[in-house]
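>>> What follows is a predicted structure for the sequence shown.
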Amino acid sequence: MTNLKCFPLYHPLFWAIIYFIALGIISVILGQDVSWDLRNYHFYNPYMLLTGRFKYDVLPAQIQTFFNPLMDIPFFVAIYYLKIPSIIVGFFLGGFHGLNQWLVHLITYHSLDKVSERYKITLSIAAAITSIFGAAYISELGTSIGDNTTSVFVLAGLFFIVSSLGKNLPIPSKNILLAGFLLGLATGFKLTNALYGISFLVAINFLPNSWSEKLRNLILSILSMAVGFSLTAGYWIILMWTKFANPLFPFYNKIFQSPYIETDYNFKGIQYLPKDIWQWLFYPVYFIQRQTLVSEVPFQDSRLAITYLLIISLIVVIIFRAISKRNLSSEPDLTHGAVLGFLLPFSLTAYSIWLVGFSIYRYLMPLELITPTLIILIIAYLYPRKKPLLIINLVIFSLIVTTVKPMDWWRMGWSDHYFGIDSQALKPYENSTIVIWGDEGTSFIVPYFPASTRFVRLKGNTGVSEGTLMRKNAETFIANTPPESLYILQTDFNKKSPDIVEDLAKENLVIDFQSCQPFPTKIENFNLCRLQKK
């Protein structure tokens, strides 16, 4: 009989292709992404970068106008310049996200020991499939939101460590460098991934090596992270510093005091942080029920609660074993203990930073993805018996998958033209100024207008307060626009913003409702109305 190790279907690249195709197909089935993040800034920001409109418009994507758009450029170029059918773009974006499942598969595979090849493959597939049905992950599959795009780099960094631990080999310097580099890339793409970079620096100190090797690993990790971060965020830091006097603009403006936006607070949301001692201690348990404690939209997912309770059990058992100075089982280990010794401090540190810093669930994407692996490792440590381990995990994974209720960021059916906007019909608005009022995501329309059309937001989530340069620039642009070239983008002000007329009156502006012209898109039907100056 042919040895399974030589069977080509068990080659890692085979599984990369399988997960890429499978997740691409699932992405297509789920539908086209029209999430608020896409409508607000994931489409406009790369356009702003590629055309240099940093100060031509005023906050069309609200404060998110100044989020690093490097990760969004491939999507924007594919849709806007190459005009690739949206369903094809969705397939390939979902396929790229499927690399997360491939990495979960590989990390799980290399974590297992003293079991057959078929056993390893079975549990690896089970872990990968379970990772698909995460409340955050599947909701973002094939979308531009980005958490499960950057998670590929985080998991790839973890894999370079686990792959060596799974072979009972010392971690080579090149693997440390690659892991740190990938985590640096992820952080540069999206700053919230810094929590995983910090967690990695903590976790490598738990690797089974000498103190001199720990110091070497720490130095190599920091240096390679800095290189990775510089490649994906360095250019943006320089742009923000030279254009807006804050290298991390709009973040930490209380420190940098940029005159362009408010300086009396740091840009940080606190609405999702735990509210009482019980939430601080048992937040994951609350996620078992459908809620909005840590998300803008409701969801339900039991994986973190199960992992949390298993970790508590693990700590109790470790303490018991240390006190009694004996093992609870004579069975051989089914996993590489060093992998658990690395992934556990990584996960605990990441969760702790997340808990006190964000408490926004989708920022936990890498942890959501690797929890099936952690569940396998912990149960194998607590109960190292091969057949029960397989059955118990399959039961737990089935429970997780069948009870999850994912988030909903809004999708629609696929179309040949992503937003259904006719650029030719917008040519009459050349050299015009269009005012945006409110906090709806509308900047996705900007690239389809003539390049000379300027967009100015007078009201949004933040950044347009009185006395700021953003506000002064907005007022100057409006004042310098000829009356016949000044418009306002109307989204349904009567229902959504009943105070629009009164607020605009304070700016000495009046909407000419008789002049409104329809502006249809696939997502929403807008109107463009003349805006008169008093």
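Looks like it came in fine.

>>> Low-confidence regions, the stretch 201-350 of the chain specifically.
Flagging of the stretch 201-350 of the chain using pLDDT under 70 yields the residue ranges 264-269, 326-332.

>>> cutoff 80 now
Scanning the stretch 201-350 of the chain for pLDDT under 80 picks out the ranges 263-270, 322, 324-332.

>>> One more: the stretch 1-150 of the chain?
Under the criterion pLDDT under 80, the flagged ranges of the stretch 1-150 of the chain are 1-10.

>>> where along it do the helices fall?
12-30, 36-37, 44-51, 73-76, 86-97, 99-111, 117-132, 137-140, 147-165 (DSSP state H, counting those that start in this stretch).

>>> closest one to Thr433 among these?
Nearest to Thr433 among these is helix 44-51; the distance by CB to CB comes to 16.5 Å. Where C-beta positions appear, they are placed from N, C-alpha and C, glycine not excepted.

>>> With mean neighbour count and distance to Lys386 added, can I get the helices of the stretch 1-150 of the chain in JSON lines?
Converted to JSON lines, the helices of the stretch 1-150 of the chain look like this (neighbours: other CB atoms under 10 Å; distance: least, CB to CB, whole Å):
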{"stretch": "helix 12-30", "mean neighbour count": "17", "distance to Lys386": "22"}
{"stretch": "helix 36-37", "mean neighbour count": "18", "distance to Lys386": "44"}
{"stretch": "helix 44-51", "mean neighbour count": "20", "distance to Lys386": "50"}
{"stretch": "helix 73-76", "mean neighbour count": "19", "distance to Lys386": "44"}
{"stretch": "helix 86-97", "mean neighbour count": "21", "distance to Lys386": "32"}
{"stretch": "helix 99-111", "mean neighbour count": "26", "distance to Lys386": "14"}
{"stretch": "helix 117-132", "mean neighbour count": "21", "distance to Lys386": "7"}
{"stretch": "helix 137-140", "mean neighbour count": "23", "distance to Lys386": "29"}
{"stretch": "helix 147-165", "mean neighbour count": "25", "distance to Lys386": "20"}
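
>>> Can you tell me which of those is nearest to Thr453?
Ranking the helices of the stretch 1-150 of the chain by proximity to Thr453 (CB to CB) places helix 44-51 first, at 12.0 Å.

>>> so how far is the helix or strand where Ile488 lies off the chain centroid?
Under the criterion of DSSP states H and E, Ile488 resides in strand 486-490. Per CA atoms, centre = their mean, to the nearest Å, the displacement of strand 486-490 from the mean C-alpha position of its chain is 32 Å.

>>> same check, this time on stretch 96-104
Using CA atoms, centre = their mean, the offset of stretch 96-104 from its chain centre is 14 Å.

>>> Residue numbering should commence at 45 henceforth.
Done: numbering now begins at 45, and the last item shifts to stretch 140-148.

>>> thinking again about what came up before, minimum distance to Thr525: which of the helices of the stretch 45-194 of the chain has it?
Proximity to Thr525 (CB to CB) singles out helix 88-95 among the helices of the stretch 45-194 of the chain, at 20.1 Å.

>>> which other helices and strands contact that closest one?
Counting contacts by 3 or more CB pairs under 8 Å, 6 or more residues apart in numbering; DSSP states H and E, helix 88-95 packs against helix 117-120.

>>> The helix it packs on packs against which elements?
Under the contact criterion of 3+ CB pairs under 8 Å, 6+ apart, helix 117-120 touches helix 88-95.

>>> Can you list the neighbours in contact with the helix it packs on?
Residues outside helix 88-95 that contact it (CB atoms under 8 Å, 6 or more residues apart in numbering): 97-98, 101, 104-105, 108-109, 111, 113-114, 116-117, 119-121, 124, 487-488, 490-491, 495.

>>> if we go to 6 Å?
Helix 88-95 is contacted from outside by Pro104, Ala105, Pro113, Asp116, Ile117, Phe120, Ser487, Val490, Pro491, using CB atoms under 6 Å, 6 or more residues apart in numbering.

>>> Stretch 511-527 now?
Contacts to stretch 511-527, defined as CB under 6 Å, 6+ apart, come from residues Val102, Leu103, Pro303, Tyr304, Ile305, Thr477, Val500, Gly507, Val508.

>>> Would you map the helices across the stretch 395-544 of the chain?
Using DSSP H, counting those that start in this stretch, helices in the stretch 395-544 of the chain cover 409-426, 430-447, 513-523, 537-540, 544-550.

>>> what does the stretch 195-344 of the chain give?
Assigned by DSSP H, counting those that start in this stretch, the helices in the stretch 195-344 of the chain fall at 217-233, 238-247, 255-273, 279-288, 297-300, 321-330.

>>> still on that earlier bit, quick one: which of the helices of the stretch 45-194 of the chain is nearest Pro562?
Proximity to Pro562 (CB to CB) singles out helix 88-95 among the helices of the stretch 45-194 of the chain, at 21.9 Å.

>>> if we can go back for a sec, could I get the average pLDDT for the strand holding Ile532?
What strand 530-534 shows for mean pLDDT is 91.

>>> Spatially central, which residue of the chain would that be?
Nearest to the mean C-alpha position of the chain, by CA atoms, centre = their mean, lies Asp191 at 1.6 Å.

>>> I'd assumed Arg406 was in contact with it.
Yes. Asp191 lies in contact with Arg406 (CB atoms under 6 Å); the separation is 4.8 Å.

>>> Please produce CSV containing the helices of the stretch 195-344 of the chain, extended by distance to Ile61 and mean neighbour count.
CSV is the format used below for the helices of the stretch 195-344 of the chain (distance: least, CB to CB, whole Å; neighbours: other CB atoms under 10 Å):
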stretch, distance to Ile61, mean neighbour count
helix 217-233, 21, 24
helix 238-247, 27, 22
helix 255-273, 27, 17
helix 279-288, 33, 16
helix 297-300, 46, 16
helix 321-330, 34, 14
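
>>> after the longest strand along the chain, next one along is what?
Longest strand in the chain, counting residues (DSSP state E): strand 553-564. Tracing the chain C-terminally past strand 553-564 and defining elements by DSSP H and E, one meets strand 569-577 next.

>>> Buried residues of that next one, list them for me.
Neighbour counts over strand 569-577 (16 or more other CB atoms under 10 Å) mark Phe570, Asn571, Leu572, Cys573, Arg574, Leu575 as buried.

>>> for stretch 461-472, same thing?
For stretch 461-472, burial by neighbour count (16+ other CB under 10 Å) applies to Tyr462, Phe463, Ile465, Leu470.

>>> Could you list the buried residues of the longest strand of the chain?
By neighbour count on 16+ other CB under 10 Å, the buried set for strand 553-564 is Leu553, Ile555, Cys560, Phe563.

>>> And stretch 443-460, by the same measure?
Buried residues in stretch 443-460, counted by 16+ other CB under 10 Å: Ile444, Val445, Val448, Pro450, Met451, Trp453, Arg455, Trp458.
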